[in-house]
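Visitor: Take a look and give me a structure for this.
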Amino acid sequence: MPNDKISLKKRAKIRVRRRIRKKISGTPERPRVLVTRSNRYLYVQAIDDVSGAVLATASTLEKAFREKNKNSRNLKASEALGELAAERLKAKKIENIVFDRGTFPYHGRIKALADAMRKGGLVF
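Guide: Reported below is the predicted structural model:
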C-alpha cells in the first residue's frame, strides 16, 4: 500500500529534510554539524558540503565514550557527547559551525547536545 502511515511519515521527513538542506550548507571554515538520533544512540558529524568530506565525528556508540558513560540514552550522555564533539572540532581549529538538527525537534537530547557544544566554545 503506497499510502500507509509509515510511507507517508517517511515522505514527510524527506520533504522536511530537503527544505532544511536548501537553507543550510557547510564550508571548510564553517562546517555543517549534522545530528542523527536513534532511540539508543546519538551521532554527530561535521561535514564540509563544498568537497563532500566529513571533517570530524563523534558518537555515543564509540568505545572511548562508553567507557566513561554507562548510559547512552539520557541527557547527561548528550551533554558529554556535545563536549566531546566540541573538543574534536577545536582540535581541528574549527570554532564556527552550522547546526543541522535534521528532522528532529530542537528539544531534549538534541538541545542538550547543542548547549554542551556551545559551552565547549563553538559558535552557531
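Visitor: who's the most centrally placed residue in the chain bridged to?
Guide: With distances taken as CA atoms, centre = their mean, V35 lies nearest the centre of the chain, 1.7 Å away. Here V35 sits in beta bridges with V44, going by DSSP bridges.
Visitor: List the contacts of it.
Guide: The contact partners of V35, taken as CB atoms under 8 Å, 6 or more residues apart in numbering, are 42-44, 99-102, 104, 110, 113-114. Any C-beta I mention is one placed from the backbone N, CA and C, and that applies to glycine too.
Visitor: ok, now how distant is it from S51?
Guide: When distance is defined by CB to CB, to the nearest Å, V35 is 21 Å away from S51.
Visitor: Could you do G108 as well?
Guide: Going from G108 to S51 by CB to CB gives 32 Å.
Visitor: Of these two, which one has the most company?
Guide: G108 (13 against 10; other CB atoms under 10 Å).
Visitor: Can you pull the poorly scored residue ranges out of this structure?
Guide: 1-2 (pLDDT under 70).
Visitor: what about V98, neighbour count?
Guide: V98: 18 neighbours (other CB under 10 Å).
Visitor: what's the answer for the one 5 residues further on, then?
Guide: The burial count assigned to T103 is 14, neighbours taken as other CB under 10 Å.
Visitor: I'd guessed it sits against R15; true?
Guide: No. In this structure, T103 is not within contact of R15 by CB atoms under 8 Å, at 9.5 Å.
Visitor: Find residues that contact each of those two.
Guide: By CB under 8 Å, 6+ apart, no residue touches both T103 and R15.
Visitor: got the residue ranges for the helices in the protein?
Guide: 5-23, 63-68, 75-91, 109-119 (DSSP state H).
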